[in-house]
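K.L.:
predicted coordinates and the sequence they were generated for:
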Amino acid sequence: MAEHTPPTEAAPAATTTPDKGRPVLVVDDVHLKYKTFGGKRRTGSSRLPGWARGFSQGVGAVDVVHAVKGVSFVAHHGESIGLIGHNGSGKSTLLRAVAGAMPVTSGAIYTDGVASLLGVSGALIKNLSGERNIILGCLALGLKPDEVAAHYEEVVEFADIGDFVRLPMEAYSSGMGARLRFAISTAASPDILMIDEALATGDASFKARSQRRIDEIRARAGTVLLVSHSMGTIKETCDRVLWLDSGVLRADGKPDEVIEAYMETQRAKVEASKK
């Protein structure tokens, strides 16, 4: 397995699923912190010229956000795992770390195979055509040139962009861009496919095609991690759910049970806010 960061110490045993295949992802007592810049601070330096003092007064102060706090779990071949929680609970940050796009602060992440992160905000090169983006995207996923050629028409058809494939991405609607990202990201049949709200974009037909594509990946012994605020999508897509709350893993279990516990907490917060 590929390791992002050496573990500092043994973590508590993560939840396992005996009837699934071998582990493909191990998240071991992971903490994730990042810095944000905001607010104002004064340097107090009277030796600076007036224009420089004014600029320095607007420099943002640095804050450290502890986004993920000691999360541990194991994902197996064939599992489809949903990640739920309120905005800012650490779901997307955790996916970025699993994909290798963000270093862990402590703990370790082990992956067996390729982990591909698909997000609605994922960047494509806007001044290049859809065709060029497909080629570059597939090569970045590890496909060989002949494999890219073999998958090209399939990607275009799945994304349903027609002749727009020859136009620059900046001419695409947000829905077209999201469909193309999904089609490219799933062209390589990654061992671990991570989807960040992608199924919330597109019409009913595209959502149905996306669901079938995820089912195909699972059938090939792949693993899917899905972040979504749609509990219906989570129930339809996932056979296991992780609930993150302010960076802490609150629950890991069957979708109906975890979602009900999460929704009950949300209802309690609503009721409390009315008092």
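P.N.:
Cool, got the structure.
K.L.:
mind checking the SS state of the residue nearest to residue 114 when sequence neighbours are not counted?
P.N.:
Nearest residue to residue 114 in three dimensions, chain neighbours excluded: residue 190, at 4.7 Å (Cβ to Cβ, 6 or more residues apart in numbering). Backbone N, C-alpha and C define where each C-beta goes, glycine included. With DSSP: H, G, I helix; E, B strand; the rest coil as the basis, residue 190 sits in coil.
K.L.:
what is the burial count for residue 190?
P.N.:
Using other Cβ atoms under 10 Å, the number of residues around residue 190 comes to 21.
K.L.:
for it, grab phi and psi.
P.N.:
Backbone torsions for residue 190, taken as degrees, to the nearest 10, come to phi -60, psi 150.
K.L.:
how far off centre is the helix or strand encompassing residue 235?
P.N.:
Following DSSP states H and E, one finds residue 235 within helix 231-237. Distance of helix 231-237 from the chain centroid (Cα atoms, centre = their mean, to the nearest Å) equals 16 Å.
K.L.:
could you do stretch 241-261 as well?
P.N.:
In terms of Cα atoms, centre = their mean, the centre of stretch 241-261 is found 17 Å from the chain centre.
K.L.:
for that stretch, measure first residue to last.
P.N.:
Chord length of stretch 241-261, first to last residue, is 11 Å (Cα to Cα, to the nearest Å).
K.L.:
mind listing the helices for the stretch 51-200 of the chain?
P.N.:
Using DSSP state H, counting those that start in this stretch, the helices of the stretch 51-200 of the chain run over 91-98, 130-140, 145-159, 174-185.
K.L.:
check contacts around residue 65.
P.N.:
Residue 65 makes contacts with 33, 34, 35, 36, as judged by Cβ atoms under 8 Å, 6 or more residues apart in numbering.
K.L.:
how close does the last one get to residue 91?
P.N.:
Residue 36 sits 18 Å away from residue 91, taking Cβ to Cβ, to the nearest Å as the criterion.
K.L.:
now do the second one
P.N.:
Noted for residue 34: a distance of 14 Å to residue 91, by Cβ to Cβ.
K.L.:
what does the first one give?
P.N.:
In this view, residue 33 and residue 91 are 16 Å apart by Cβ to Cβ.
K.L.:
that concludes my questions; thank you for your assistance.
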